[in-house]
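> pasted the sequence and its predicted model underneath.
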Amino acid sequence: MELLLILHAVAAVCAPRLAARMGRGSLVVLAVPPAAAFAYTLWVAMRGLPVAGTTAWAPVMQMELAFRADQLSVVMMALVSGAGVLVLVYSAAYLPAHDDGLGRYGGVMVAFAGSMLGLVTADNLLLLYVFWELTTVFSYLLIAYHPESRVNRQAAMKALMVTTFGGLCMLAGFVLAAQAAGTYRVSAIVADPPAAGPVALVLVLAGALAKSAIFPFSTWLPAAMAAPTPVSAYLHAAAMVKAGVYLVARLGPAFGDVTLWRAVAVPLGLVTMVLGGWRALRETDLKRLLAYGTVSQLGFLVALFGAGTRGTALAGAAMLVAHALFKASLFLVVGIVDHAAGSRETGELSGVGRAMPWVCGAASLAAASMAGLPPLVG
């Protein structure tokens, strides 16, 4: 795992030079590290789970480079790396050839993909927090891709402030939970749940809910639609916003039976699901419509995983995969429509299906999956 993370870091550092030499083609080359991660994920899945490895880092502080891939991690690894490859290749055609920010964009995207990979495989709470905050920083840079735009700057700052606040709360919760358990190992805490106090659980949930835009932290996600469409497809459909859901799912076996855990996660998830869906019906901008739909489905996922039962966890895992597939696809379709028609406003678009039948077919399949029509994954 360390080698994969190093590969992502090296690619991110080399991205500006690659972009200067190859232009948009550099984004295809930068898709190699996520592709390697996807191949590694398939190898791990076929080899047998779980797969774990540890490297000493700061043992006095109980900090170690501990990574572990189990069923949940492998699902997230496949989503993060697979979607990363597709979005980078898509970006090579989407972004303007003369864009001066290609190197910065490619480098930050690859760095973000590596950070998410580390987050979903970290088996140490402090290590998980490091990757958690790295995704926050890189998402800020991607949302603010056009720094001259006030809208981009404000959206990036809102996302940074909300998710950083949640992350700091989560760190305090991690420390309290680890002190109660006597270890920072995630797998050990899940195997032998500690009697963590209500303060620790609420703080951990605050970080997870803020990251996944759950009410009352929902406003940053629609604002983040100021980012380029490939960023929205990756961060806000398949990767970053799933981090909070992943944390609830990861710690669910340990704390799912605690009344407070359910009392916070399930009602807030359901409220978010209803409010996000209602707000989506009032939108005319296609990206913001999808953003509020994403908020609604994230609420659904948190309610499922927050319930803490085996049945709802399995349903949540299926929904996790389905949502990443159909929502990322729909964001990319919106990017194609916006690129061709010059608008995302529903009132200004007419005859798009006739003009682009293949895109219409892809959009129809993805929307049917989101609607839960058989035999599609949703």
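Alright, I've got the coordinates. Residues are numbered from 1 along each chain as shown.

> make it CA atoms for all contacts and neighbour counts henceforth
OK.

> in terms of helices and strands, where is Leu42?
In this assignment (DSSP states H and E), Leu42 forms part of helix 32-47.

> mean confidence score for that helix?
The pLDDT scores in helix 32-47 average 93.

> right, and the helix or strand after that helix?
strand 51-58.

> right, and Leu301 touches Met319 too?
Yes. Taking contacts as CA atoms under 8 Å, Leu301 lies within contact range of Met319: 7.1 Å.

> out of these two, which sits in the busier spot?
Under the neighbour definition other CA atoms under 10 Å, Leu301 and Met319 were set side by side, and Leu301 has more, 31 against 20.

> what strand or helix carries the more buried one?
Secondary structure from DSSP H and E places Leu301 in helix 286-306.

> just Leu65 next, same as before
Short version, using DSSP H and E: Leu65 is in strand 63-69.

> which strands or helices does that strand pack on?
If you count contacts as 3 or more CA pairs under 8 Å, 6 or more residues apart in numbering; DSSP states H and E, strand 63-69 packs onto strand 51-58, helix 102-121, helix 125-143.

> can I get these in TSV including mean pLDDT, mean neighbour count and distance to Arg288?
Formatted as TSV, the helices and strands packed on strand 63-69 follow (pLDDT from 0 to 100; neighbours: other CA atoms under 10 Å; distance: least, CA to CA, whole Å):
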stretch	mean pLDDT	mean neighbour count	distance to Arg288
strand 51-58	83	12	39
helix 102-121	94	26	22
helix 125-143	94	22	14
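
> what kind of secondary structure is Ala155 in?
Look at Ala155: counting by DSSP: H, G, I helix; E, B strand; the rest coil, its state is helix.

> residues contacting it?
Applying CA atoms under 8 Å, 6 or more residues apart in numbering to Ala155 gives the contacts 143-144, 220, 223-224, 226.

> if we use 10 Å, what do you get?
140, 143-144, 219-227 (CA atoms under 10 Å, 6 or more residues apart in numbering).

> cool, and Ala52?
Contact analysis of Ala52 by CA under 10 Å, 6+ apart lists 1, 66-70, 121-123.

> repeat that for Pro194.
Shown in contact with Pro194 (CA under 10 Å, 6+ apart): 177-183, 188, 254-255.

> and Ala367, how far is that from Leu325?
Distance of Ala367 to Leu325, computed by CA to CA, to the nearest Å: 11 Å.

> common neighbours of those two, please.
By CA under 10 Å, 6+ apart, Ala367 and Leu325 have these common neighbours: Gly378.

> neighbour count for the two, which is higher?
Leu325 (21 against 17).

> and that one, which of the three is it?
Following three-state DSSP, the label given to Leu325 is helix.

> can you pull the pLDDT of it?
92.

> tell me, how many neighbours does Arg354 end up with?
Using other CA under 10 Å: Arg354 sits among 10 other residues.

> secondary structure element for it?
Secondary structure (DSSP H and E) places Arg354 in helix 352-355.

> so which bits of the following helix or strand past that helix are buried?
Once helix 352-355 ends, the next helix or strand along the chain (criterion: DSSP H and E) is helix 357-370. Across helix 357-370, burial judged by 16 or more other CA atoms under 10 Å covers 359-360, 362-363, 365-370.

> now those residues in CSV, please, with extra columns for pLDDT.
Compiled in CSV, these are given as follows (pLDDT from 0 to 100):
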residue, pLDDT
Val359, 93
Cys360, 93
Ala362, 94
Ala363, 94
Leu365, 95
Ala366, 95
Ala367, 95
Ala368, 96
Ser369, 95
Met370, 93
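
> and these, which is closest to Gly23?
Val359 (26.1 Å; CA to CA).

> which residues touch the closest one?
330, 332-334, 336-337, 352-353, 365.

> which one of the residues you listed sits closest to Thr41?
Leu332 (24.1 Å).

> the closest one - that's part of a helix, no?
Yes. Counting by three-state DSSP, Leu332 is part of a helix.

> residues contacting the closest residue to Gly353 other than its chain neighbours?
Leaving aside its chain neighbours, Gly353 sits nearest to Cys360 (5.1 Å; criterion: CA to CA, 6 or more residues apart in numbering). Counting by CA under 10 Å, 6+ apart, Cys360 touches 333, 337, 352-354, 366.

> helices and strands of this structure: which one has the lowest mean pLDDT?
In the chain, no helix or strand scores lower on mean pLDDT, DSSP states H and E than strand 51-58, which sits at a mean of 83.

> just to revisit the earlier point, following element in sequence after the strand holding Leu65, please.
Past strand 63-69, the next helix or strand by DSSP H and E is helix 71-94.

> count the residues that sit near the residue lying closest to Met170 once chain neighbours are set aside.
Sequence neighbours aside, Val204 is the residue nearest to Met170 in space, at 4.2 Å (criterion: CA to CA, 6+ apart). When neighbours are defined as other CA under 10 Å, Val204 has 27 of them.

> what strand or helix carries Val204?
Using DSSP H and E, Val204 falls within helix 198-211.

> and the helix or strand encompassing Met273, what does it pack onto?
Taking DSSP H and E as the definition, one finds Met273 inside helix 259-280. Here helix 259-280 touches helix 198-211, helix 242-255, helix 286-306, going by 3 or more CA pairs under 10 Å, 6 or more residues apart in numbering; DSSP states H and E.

> average pLDDT across that helix?
Mean pLDDT, computed over helix 259-280, is 94.

> list the buried residues of it.
Residues of helix 259-280 classed as buried under the neighbour-count rule (16+ other CA under 10 Å) are 261-262, 264-277, 279-280.

> sorry, back to before: mind putting the helices and strands packed on strand 63-69 in a markdown table, distance to Leu247 included?
Shown next, in a markdown table, are the helices and strands packed on strand 63-69 (distance: least, CA to CA, whole Å):
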| stretch | distance to Leu247 |
| --- | --- |
| strand 51-58 | 18 |
| helix 102-121 | 9 |
| helix 125-143 | 10 |
